[in-house]
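Participant: next comes the sequence, and after it the predicted model I'd like to discuss.
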Amino acid sequence: MEKRVQTSLLLSFYGPLLTERQRETLRMHEEDDLSLSEIAQEAGVTRQAAHDAIRRGEDQLFQLEAKLGLAARWQRICGGLREIQKALRAEDITRAAALADEMLREEEAEDGV
């Protein structure tokens, strides 16, 4: 997955855990597609300060994902649900049930529950 897309995804999961400055500069960079100069002007900081806030924010997002894995887990679950949806549309109830069972086993194994 492209880093910019991954960063945006992680920002949606872990954004509230960042400082407001990091969150806002990352949002402007990733979602509004502003340049460092535009972000610096908007935030009233230097271009270097904007760059540093973005890098620290990205580093923190990727560290959080490495520790918690919530975005990867969400993507796995969504992928499994899409497969179940396909099976149901094809009226293959047996396959849909098997996929659901497999997803539940994987989740239980991951959680240890």
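Facilitator: That came through, no problem.
Participant: what lies in contact with stretch 11-27?
Facilitator: Where contact means C-beta atoms under 8 Å, 6 or more residues apart in numbering, the residues beyond stretch 11-27 that reach it are 7, 30-31, 39, 43, 50, 53-54, 56-58, 60-61, 64-65, 68, 70-71, 74. For the C-beta atoms, the positions are set from N, CA and C on the backbone; glycine is no exception.
Participant: distance between the ends of that stretch?
Facilitator: 8 Å (C-alpha to C-alpha, to the nearest Å).
Participant: state the mean pLDDT of it.
Facilitator: Stretch 11-27 shows a mean pLDDT of 93.
Participant: gap between it and the chain center?
Facilitator: Computed by C-alpha atoms, centre = their mean, to the nearest Å, the chain-centroid distance of stretch 11-27 equals 12 Å.
Participant: please apply the same query to stretch 76-86.
Facilitator: Per C-alpha atoms, centre = their mean, the centroid offset for stretch 76-86 relative to its chain is 17 Å.
Participant: Gly15: how many residues sit nearby?
Facilitator: Neighbours of Gly15 under the rule other C-beta atoms under 10 Å: 17.
Participant: repeat for Glu108
Facilitator: For Glu108, the count of nearby residues is 10 (other C-beta under 10 Å).
Participant: need the pLDDT of it.
Facilitator: Per-residue confidence at Glu108 stands at 88 (pLDDT).
Participant: now the one 4 residues further on
Facilitator: As summarised for this prediction, Gly112 has a pLDDT of 66.
Participant: Ala40 too?
Facilitator: The model reports Ala40 with a pLDDT of 95.
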